[in-house]
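Colleague: Pasting a predicted model and its sequence here:
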Number of protein chains: 2
Amino acid sequence: MTDTARPASPSTALLTDRYELTMLQAALADGTADRRCVFEVFTRRLPAGRRYGVLAGTGRLLEVLEDFRFGADELAWLADERVVDDRTLEYLAGYRFGGDVVGYAEGEAFFPQSPVLVVEGTFAEAVLLETLVLSVLNFDSAVASAASRMTSAAVDRPCLEMGARRAHEHAAVAAARAAVVAGFAGTSNLEAGRRWGLPTIGTAAHAFTLLHDDEEQAFASQVRSSGAGTTLLVDTYDVRRGVERALAAAGTGLGAVRLDSGDLGVLAHEVRAQLDAAGAHGTRIVVTSDLDEYAIAALAVAPVDTYGVGTSLVTGSGSPTCGMVYKLVAREDAAGVMRPVAKASRAKTSVGGRKAAARRLDEDGRAVEEVLVTGPDDRVAQWSRGRGDVPADLRPLHVDLVRDGAVVDGWTGRAGVAAAVARHRASRDELPRGARRLSADEAAVPTTTWRLDA
Amino acid sequence: MTDTARPASPSTALLTDRYELTMLQAALADGTADRRCVFEVFTRRLPAGRRYGVLAGTGRLLEVLEDFRFGADELAWLADERVVDDRTLEYLAGYRFGGDVVGYAEGEAFFPQSPVLVVEGTFAEAVLLETLVLSVLNFDSAVASAASRMTSAAVDRPCLEMGARRAHEHAAVAAARAAVVAGFAGTSNLEAGRRWGLPTIGTAAHAFTLLHDDEEQAFASQVRSSGAGTTLLVDTYDVRRGVERALAAAGTGLGAVRLDSGDLGVLAHEVRAQLDAAGAHGTRIVVTSDLDEYAIAALAVAPVDTYGVGTSLVTGSGSPTCGMVYKLVAREDAAGVMRPVAKASRAKTSVGGRKAAARRLDEDGRAVEEVLVTGPDDRVAQWSRGRGDVPADLRPLHVDLVRDGAVVDGWTGRAGVAAAVARHRASRDELPRGARRLSADEAAVPTTTWRLDA
């Protein structure tokens, strides 16, 4: 190694666009840095043809938020590079987010304009979080939105996440978590297993078979090492011979065979027949090989037990990012009164002002509308916090995530993942019939607004 | 925070698919773990319509390879979860890659089947690296391949990377580096600036203007803070008024104005005329707003000075991963003789055996063929290391990256980025005329094979 500066601290503070700091410097100098601000995270549209999105990453965001501190290393680099002036460095040295965050519970479905996260604090403390908030939510939600379509297409068959090799090495860890939030049963990624207790899976690649002098020796070795319950990869040479050898090595108690190439539907039928004829009725069939939600749906009638999904999952199945933005929607004026604000551009129309949100349900408990709750800032803020009248057909969507800078219990770590898994299942079940169709269509419910009185 | 296990060490060892470890366990038990193996990284095809790919991430891979150690925390987790047995844990505790790596120099163009990385070592030490190698190269190369098309379309105008918010927070850092490798002039990402000394850029977002009572105050504040050479974002309300106010605040010495919405081509002409009429001939025009290589090309006739690119860059402009695979192509047999190996599947045809590579050039120094050099293992290995006869029209492509486990100087850190920038420029200049067209076409040169004699 020569001159590589590996980060000495786990600080996440420099995972930030430079302009957040230059804006901060100017605002500290002109006196606006302390103005109370409301920033809202939303997406203007769903990816073409998608009927709903899935919010993921909230718990992970709250975890990395704890490390959003400017330590000695970060401050020294900013000073050396003259990114900001001394006054700003001093502010950053004492920085800790002390504001409030509410948002959709992780795992919740979202639609265009849904205010999935609302960050409130001084301009200084809230503007700095823009990049990190968007990086986490845009990536994790892109993966979860794709994953939800896959688990939906798979119905009751488990889906396993195997995409680490097709994503940045740390993005892969987050992708595994997002996949599980949206219903995946496990992941090949060890770090994701360690960090959040996700079930990890995996047995062998073609390299293991090729390493050995023949397939018999490879299978025998794997069964000795992992037991007959293992999954043997049978398509290195010839599938039919591979299945024969797998059964010879493990007996009819073989856990599973994996198919990673060829016409998976045809092969699954042939292999099932071969396994059954040999009495291996309990041996499962795992298929992998560039699956996506459409391929999974197409295999519905094949005797497949488990789907392993890689590339299309970690790349959001055609939509690798969510397009969420972090917009200032309200801020104090010089007199201390909260004012709605919005950019004027026609191309990027945004509704100004703080918003709460609710899902309107019909008598059967099915979602019929995404309701943006607007009105006087203080009333909306209260409603968002659960202190307001809630019509019987509305399910409020905001939950407390950070209060006065303290992360609320239950959303992070393993507990956070478990809560998100449950929330996603309930949220998806609540969508209108037809919302889970894979073919291109409009958002499953329209987004409307409801104005609270002054 | 509740039960989140944040990694206590910077170890990259668990950024790995579980099956690498289960294969290792079986191979340790059956005696094949010590067989010398050659793994090759290549892609079977370029993304649809692309004419070349750009290898990026090699330097970053060598950096994270240094941290690929199983420390106490990693071993304890693997033991607790019973991922592998005690013998394997013991092996992992002492693990350090001790083999050799050769590969294309970072920044080099690649084509289908190009052996961009060749890892040689025992099965045990080489198989463990599969996931990490692919994660790094697939992501970084996807970004660099897109970035190269953008800088090519921009010709001499600088491109700036601004995509952090649309990628996982750590992927964003790698994306900034990959973009610079492929010719970008700078990045908004501070961590990328810190880690590799990349130039960082950025001034203000719409939120800064909206924070203030009016645009005049916002611009005056920014100019006081950052000087007249700053870039003012002029499209929050009305572009024409915005430019007037920008000039009022900074004078004709204003560094640049930024346009982030609307019809950028039309606006650029109008703004240029307005700036020139005011005497601000030196004030540049920066455009941002969902640019990709096609939008950049379409703006060639507009008076634009700088392109800021975000989403399409960090998502590989439609191809967010490279499809590179890590395949065992040769290994020792029981007698210690190296044997070529390959999976038999028709769908995933691979050429077995170790390969070197060269680019065949015509008399003008233009690339005409990608040549895979095959033959007896020892001869190919020597040729790959520069110890073989090289025909005058061939430019060998492999360089030494790791020798006996030690990273070769010059490929990592800032020096590595600088070398990759230079290599990319030279490699792209060498491509045949027409290789840089944006419209869909075949790989710019065919891939052929050349067999060395025994």
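Modeller: All right, it came through fine. Since the structure is predicted, the reported quantities are computational estimates derived from the model, not experimental observations.

Colleague: Break chain A into its domains for me.
Modeller: A:18-130+A:325-449, A:203-290 (automatic domain parsing).

Colleague: mind checking which of those is nearest residue B:109?
Modeller: When the domains of chain A are compared by Cβ to Cβ, domain A:203-290 sits nearest residue B:109, at 25.1 Å. Where C-beta positions appear, they are placed from N, C-alpha and C, glycine not excepted.

Colleague: Same list, the domains of chain A, but as a markdown table with mean neighbour count please.
Modeller: A markdown table is the format used below for the domains of chain A (neighbours: other Cβ atoms under 10 Å in any protein chain shown):
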| stretch | mean neighbour count |
| --- | --- |
| domain A:18-130+A:325-449 | 19 |
| domain A:203-290 | 20 |
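
Colleague: of those domains, which approaches residue B:341 most closely?
Modeller: Counting by Cβ to Cβ, residue B:341 lies closest to domain A:203-290 out of the domains of chain A; the figure is 4.2 Å.

Colleague: Report the distance from the closest one to the chain centre.
Modeller: For domain A:203-290, the separation from the chain centroid amounts to 33 Å (computed by Cα atoms, centre = their mean, to the nearest Å).

Colleague: Straight-line length of that domain, end to end?
Modeller: 18 Å (Cα to Cα, to the nearest Å).

Colleague: Residue A:29 falls within a helix, correct?
Modeller: Yes - according to DSSP: H, G, I helix; E, B strand; the rest coil, the state of residue A:29 is that of a helix.

Colleague: isn't it right up against residue B:225?
Modeller: Yes - using Cβ atoms under 8 Å, residue A:29 is in contact with residue B:225, at 5.4 Å.

Colleague: okay, residue A:454: pLDDT?
Modeller: At residue A:454, the pLDDT value in this model is 79.

Colleague: if I pick it, what's in contact with it?
Modeller: Counting by Cβ atoms under 8 Å, 6 or more residues apart in numbering or on different chains, residue A:454 makes contact with A:375-376, A:379.

Colleague: Nearest to residue B:117 among those?
Modeller: residue A:375 (58.5 Å).

Colleague: Nearest residue to the residue nearest the centre of chain A in space, please, no chain neighbours.
Modeller: Among the residues of chain A, the one closest to the centroid is residue A:140, at 2.7 Å (Cα atoms, centre = their mean). With sequence-adjacent residues excluded and distances taken as Cβ to Cβ, 6 or more residues apart in numbering or on different chains, residue A:140 is closest to residue A:57, at 2.9 Å.

Colleague: What are the neighbouring residues in contact with residue A:52?
Modeller: With Cβ under 8 Å, 6+ apart, residue A:52 has these contacts: A:46, A:109-111, A:145, A:148, A:428, A:431, A:435, A:443-444.

Colleague: Recalculate using a threshold of 7 Å.
Modeller: Remark: with contacts taken as Cβ atoms under 7 Å, 6 or more residues apart in numbering or on different chains, residue A:52 is in contact with A:109, A:111, A:431, A:435, A:443-444.

Colleague: So which one of those residues is the model least confident about?
Modeller: The member of the contacts of residue A:52 with the lowest pLDDT is residue A:435, at 93.

Colleague: from what I can see that residue touches residue A:441, true?
Modeller: No - between residue A:435 and residue A:441 there is no contact, the gap being 8.8 Å when judged by Cβ atoms under 7 Å.

Colleague: Common neighbours of the two, please.
Modeller: Counting by Cβ under 7 Å, 6+ apart, the contacts common to residue A:435 and residue A:441 are residue A:51.

Colleague: Could you pull out the helices in the stretch 101-250 of chain A for me?
Modeller: Remark: helices assigned in the stretch 101-250 of chain A by DSSP state H, counting those that start in this stretch are A:123-127, A:130-154, A:169-181, A:190-196, A:206-211, A:215-226, A:239-250.

Colleague: can you list these in CSV and add mean pLDDT and distance to residue A:95?
Modeller: Formatted as CSV, the helices of the stretch 101-250 of chain A follow (pLDDT from 0 to 100; distance: least, Cβ to Cβ, whole Å):
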stretch, mean pLDDT, distance to residue A:95
helix A:123-127, 98, 7
helix A:130-154, 98, 13
helix A:169-181, 98, 23
helix A:190-196, 98, 25
helix A:206-211, 98, 48
helix A:215-226, 98, 49
helix A:239-250, 98, 58
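
Colleague: Tell me which of those sits nearest to residue B:198.
Modeller: It is, among these and with distance given as Cβ to Cβ, helix A:130-154, at 15.8 Å.

Colleague: Which strands and helices lie in contact with the closest one?
Modeller: Helix A:130-154 is packed against strand A:53-54, helix A:58-65, helix A:169-181, helix A:293-298, helix A:311-314, strand A:324-332, with contacts defined by 3 or more Cβ pairs under 7 Å, 6 or more residues apart in numbering or on different chains; DSSP states H and E.

Colleague: Now do residue A:289, the pLDDT please.
Modeller: Reading off the model, residue A:289 has pLDDT 89.

Colleague: Does it belong to a helix, a strand or coil?
Modeller: Of the three states, residue A:289 takes coil according to three-state DSSP.

Colleague: follow-up on the earlier one: using CSV, lay out the helices and strands packed on helix A:130-154 together with distance to chain B.
Modeller: Putting those into CSV (distance: least, Cβ to the nearest Cβ, whole Å) gives the following:
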stretch, distance to chain B
strand A:53-54, 15
helix A:58-65, 5
helix A:169-181, 4
helix A:293-298, 14
helix A:311-314, 6
strand A:324-332, 4
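
Colleague: right, so of these, which gets closest to residue A:359?
Modeller: strand A:53-54 (13.6 Å).

Colleague: Can you pull the residues of the stretch 1-150 of chain A lying near chain B?
Modeller: Contacts of the stretch 1-150 of chain A with chain B, taken as Cβ under 7 Å from any Cβ of the partner chain, map to A:1-6, A:10, A:12, A:14-19, A:22-23, A:25-27, A:29-30, A:32, A:35, A:37, A:63, A:66, A:77, A:81, A:123, A:127, A:131-132, A:134-136, A:138-139.
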